[in-house]
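Colleague: coordinates only, sequence not included:
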């Protein structure tokens, strides 16, 4: 199912400061739009650096966290901005619920294209609330009654690196410790 996403474009001025002003004056409405639509896209603004993007993200959510607990190899660009993945471009990033294996998944996710890909490049956005609504009611009931249990197995510090996209980080890298 394809639908148009809620998109905010510049009225006239596309400068970062213009977007920051708009966020400041329309923050409650933007959060309502996000709740209603599942995503808000800001297009056409002059946001060029990770620092610019961090300013926008902090304006939208001053309580940003930077304790990434995901499995994909990422590099920090600023305190709150990381690369999406350091995998080669030919690796697909399939549809997923970001860090859904945590007791509390992130409330907000922010995406920004810093380096435009030479070929292709896309970030599919899916409102998983709608996916859930479209599940067979019997299956939804089973999930609600029984819950979901995720088991993740990580390789150890001495494991040789491979090309398995399901074994991206070792447990010592993920948890930043070598304590057993």
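Modeller: All right, it came through fine. Keep in mind it's a predicted model, so treat the numbers as computed, not measured.
Colleague: my guess is residue 108 contacts residue 60, does it?
Modeller: Yes - applying Cβ atoms under 8 Å, one finds residue 108 in contact with residue 60, separated by 7.2 Å. Bear in mind the C-beta positions are built from the backbone N, C-alpha and C, glycine included.
Colleague: Just want the most central residue of this structure.
Modeller: In the chain, the residue lying closest to the centroid (Cα atoms, centre = their mean) is residue 109, at 4.1 Å.
Colleague: can you pull out the strands in the protein?
Modeller: Along the chain, counting by DSSP state E, strands occupy 6-8, 40-42.
Colleague: if we can go back for a sec, which of residue 108 and residue 60 has more neighbours?
Modeller: More neighbours surround residue 60 than the other of residue 108 and residue 60, with 18 against 12 (other Cβ atoms under 10 Å).
Colleague: check contacts around that one.
Modeller: Each residue near residue 60 by Cβ atoms under 8 Å, 6 or more residues apart in numbering is listed here: 23, 27, 30, 108, 110.
Colleague: buried subset of the residues you listed?
Modeller: 23, 30, 110 (16 or more other Cβ atoms under 10 Å).
Colleague: Stretch 156-170: end-to-end distance?
Modeller: Stretch 156-170 stretches 5 Å from its first residue to its last (Cα to Cα, to the nearest Å).
Colleague: oh sorry, the question was meant for stretch 80-94
Modeller: 23 Å.
Colleague: do stretch 123-132 as well
Modeller: OK, stretch 123-132 end separation, Cα to Cα: 20 Å.
Colleague: now swap in stretch 170-180 and tell me
Modeller: 13 Å.
Colleague: Name the residues of the helix or strand bottoming out on mean pLDDT in the chain that come out as buried.
Modeller: Ranked by mean pLDDT, DSSP states H and E, the weakest helix or strand in the chain is helix 171-175, scoring a mean of 79. Of all the residues in helix 171-175, those buried under the rule 16+ other Cβ under 10 Å are 171, 172.
Colleague: List of residues touching it?
Modeller: 69, 71, 154, 155, 156, 157, 178.
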